[in-house]
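> task: produce atomic coordinates for the following.
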Amino acid sequence: MSLKNSSMVENSDENQSNSKELIPGLPDEIAEHCLLHLPYPYQALVRSVSSSWNKAISDPSFSLSKKTLFLSLPYIFVFSFKKSTCNLQWQAFDPRCHRWFILPPMPCPKSVCPPGFACASIPQNGELYVLGGMRSDTESPIQTLITYRTSTNKWTFSSPMSTARSFFAAGSIGGKIFAAGGSGVGLDDTISTVERYDPENDTWAFVAKMRSGLARYDAAVVGNKMYVTEGWTWPFSFSPRGGVYDAEKDTWQEMSVGMREGWTGISVVLGERLFVISEHGDCRMKVYIPDDDTWQYVGGGGFPCEALQRPFAVSGVEGSIYVVSCGLDLAIGRVFEDEKCGLSVEWEVVKGPKAFDGFVPSNSQVLYG
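Residues are numbered from 1 along each chain as shown. The predicted model follows:
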């Protein structure tokens, strides 16, 4: 065969490949609409069906269309580890059908302390960020940033933090990721620096320092502010410290007395409200009232603490709060409000799969996929 004829055959094959229908018998516009309706994580998985599907789903306009048509749905992503082996595992929970999906293994050193990581997310972008951590074999902090995207169902390494940190606060404000405080090289070496990650440029920059070094107990983002507290820890000898970062003003201030004194459990933000599920007693849930600098108990059914084993990891979305416990058992609290009774919550317990026995939750994030 001549070179000219060979070239014609290659071009013909390429044209056939490029013109191949996404779904035989359907116009491409309708076929693309069908692909858009595939739920997480199947969109990423079906890219291997054909080159035309891979091309269509990988196109940035595909993700944009999914957001524009409001086809992305929220999932609860849970970071857990097995106590006996310290094996790490990420999994996603579908609130609509109560089904779990196991994520690909997260790339990180083998010997790590799971609670040393900090996690944050940009939910609407379907992006999850795992920051820092601590190597358990050397007790040294880590600088790495590992990113997961629901659109690809893959982990990638992003630019590392400027400072190695463990047991620190992280949160998302205005599409940027903030890392604050934490422990440094020595176990008693607390860090006061704060840095901000820009996902679009894959760059880090330092912002205003904390007033004093603070190792994370709990943290929450409400609006454009990040709240970091040590919380009450046994034996309750010292009043906890707390700081508030204002991202618009790039300033830190002391946390109000009422907020830090009443922050007696793990927090979750629902809408613009800050809730805490107490880790003591009957684990009742309470909500912070900014105008009075007080906490009020939420009415309704009591928290099902007898059915769940601590520690907890909590996240909230679309009017519901998801509390994950050991074995990845879930308590789903649906929050209601009326003029007479105020806020109330009704709880439902969803048992985790038997395959998750022995797993302990470390963090929980909401992502849309």
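
> tell me the pLDDT at the nearest residue to I102 once chain neighbours are set aside?
Here the nearest residue to I102 in space, its sequence neighbours aside, is Q91; by Cβ to Cβ, 6 or more residues apart in numbering that works out to 5.0 Å. C-beta here means a position set from N, CA and C on the backbone, and glycine is covered the same way. The pLDDT attached to Q91 in the predicted structure is 98.

> where do the helices of the stretch 51-200 of the chain begin and end?
In the stretch 51-200 of the chain, the helices defined using DSSP state H, counting those that start in this stretch lie at 51-58, 60-68.

> isn't the residue nearest to I102 right next to Y75, touching?
No. No contact is recorded between Q91 and Y75 when judged using Cβ atoms under 8 Å, the distance being 9.9 Å.

> please say which of these two ends up with more neighbours.
Neighbour count, other Cβ atoms under 10 Å: between Q91 and Y75, Y75 has more, with 27 against 21.

> how close does that one get to W90?
Shown here: Y75 relative to W90, a distance of 11 Å by Cβ to Cβ, to the nearest Å.

> what does the domain assignment say about the protein?
Domain segmentation of the chain under the TED database yields 28-68, 70-368.

> ends of the last one, how far apart?
Counting by Cα to Cα, to the nearest Å, you get 10 Å between the two ends of domain 70-368.

> show me how far that domain is from its chain's centre.
Mean-position distance between domain 70-368 and its chain equals 7 Å (Cα atoms, centre = their mean, to the nearest Å).

> please list all residues in contact with G316.
Shown here is G316, whose contacts under the criterion Cβ atoms under 8 Å, 6 or more residues apart in numbering are 268-270, 275, 322, 366.

> with P105 instead?
P105 makes contacts with 88-89, 155, as judged by Cβ under 8 Å, 6+ apart.

> apply 10 Å and report the result again.
Each residue near P105 by Cβ atoms under 10 Å, 6 or more residues apart in numbering is listed here: 87-90, 155.

> and D202, what's its pLDDT?
The pLDDT attached to D202 in the predicted structure is 98.

> looks like R241 contacts M255 (just checking).
Yes. At 7.7 Å, R241 and M255 qualify as touching, with contact defined as Cβ atoms under 10 Å.

> OK, contacts around the closest residue to Q124 other than its chain neighbours?
For Q124, the nearest residue in space outside its immediate sequence neighbours is Y368; the separation is 5.6 Å by Cβ to Cβ, 6+ apart. Y368 makes contact with 40, 66-67, 70-75, 121-127, 150, 317 under the criterion Cβ under 10 Å, 6+ apart.

> wait, E306 sits on D282?
Yes. Counting by Cβ under 10 Å, a contact exists between E306 and D282, whose distance comes to 9.4 Å.

> and A208, what does it touch?
180, 193-194, 245-247, 249-252.

> out of these, which are buried?
With burial judged by 16 or more other Cβ atoms under 10 Å, the buried subset of the contacts of A208 is 180, 193-194, 245, 247, 252.

> ok, so of those residues, who is nearest Q296?
When these are compared for distance to Q296 (Cβ to Cβ), Y245 wins out at 24.9 Å.

> which non-adjacent residue is nearest that closest one?
Excluding its sequence neighbours, the residue lying closest to Y245 (Cβ to Cβ, 6+ apart) is M226, at 4.5 Å.

> related to what we said a few turns ago, just the contacts of A208 now: which is nearest K354?
Looking across the contacts of A208 and measuring by Cβ to Cβ, the closest to K354 is A180, at 38.3 Å.

> show me what the closest one is bridged to.
A169, V194 (DSSP bridges).

> wait, what's in contact with V350?
When the contact criterion is Cβ under 10 Å, 6+ apart, the partners of V350 are 93, 95, 98, 322, 324, 328-332.

> how about low-confidence regions in the stretch 201-350 of the chain?
Counting by pLDDT under 70, the stretch 201-350 of the chain contains low-confidence ranges at 233-237, 279.

> do a quick rundown of the helices in it.
Counting by DSSP H, counting those that start in this stretch, the stretch 201-350 of the chain forms helices over residues 257-262, given from the N-terminal end onward.

> the strands in it, which residues?
203-207, 218-222, 225-229, 242-246, 251-254, 265-270, 273-278, 285-289, 294-297, 299-300, 313-317, 320-324, 330-338, 342-350 (DSSP state E, counting those that start in this stretch).

> re earlier: pull up the gap between the residue nearest to I102 and R260, please.
Taking Cβ to Cβ as the criterion, Q91 is separated from R260 by 33 Å.

> equivalent analysis for A118, please.
To R260, A118 is 20 Å away according to Cβ to Cβ.
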